[in-house]
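> Give me the fold of what follows.
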Amino acid sequence: MLKPIPEFKDEDEEREFWATHDSTDYIDWSGGQRVIFSNLKPTTRTISVRMPESMLAELRLLANKRDVPYQSLIKMFLRERIDEELHRTGVK
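Numbering: from 1, shown residues only. Reported below is the predicted structural model:
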């Protein structure tokens, strides 16, 4: 007998629930089918970052040379640095 899935007040509560509960207690996966969600984008959140105008100008210059939007370049730089730090500290 499957347990009923509780109502969640938000995605964070649901995420925490599924991180600590086995879905097979709530869902009959025997009829499930594999699908590929090729066009999904990660959830993003808008933030505000204050930086010197000269740094922003340099980022825009570098982005222009690479022919990418400067905000995309910032995300690329952050991703590279985060990966380096996680690797260096052994977290990843």
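> what about dumping the CA coordinates of stretch 9-26 to CSV?
The C-alpha trace of stretch 9-26 is given here as CSV (Å, rounded to 0.1, in the frame of the first residue of the first chain):
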residue,chain,number,x,y,z
LYS,A,9,4.3,24.8,1.2
ASP,A,10,7.2,25.4,-1.2
GLU,A,11,9.9,23.7,-3.3
ASP,A,12,12.4,23.8,-0.4
GLU,A,13,10.1,21.8,1.8
GLU,A,14,9.4,19.3,-0.9
ARG,A,15,13.2,19.0,-1.7
GLU,A,16,13.9,18.3,2.0
PHE,A,17,11.2,15.7,2.2
TRP,A,18,12.4,13.8,-0.8
ALA,A,19,16.0,14.0,0.4
THR,A,20,14.9,12.1,3.5
HIS,A,21,12.2,9.7,2.2
ASP,A,22,12.2,6.8,-0.2
SER,A,23,10.0,7.6,-3.2
THR,A,24,9.1,3.9,-3.6
ASP,A,25,7.0,4.2,-0.4
TYR,A,26,4.9,6.9,-2.2
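> mean confidence for it?
Mean per-residue pLDDT for stretch 9-26: 95.
> what residues go with each domain of this structure?
As assigned by automatic domain parsing, the chain contains the domains 1-29, 53-89.
> quick one: what helix or strand has Phe17 in it?
Here Phe17 sits within helix 11-20, counting by DSSP states H and E.
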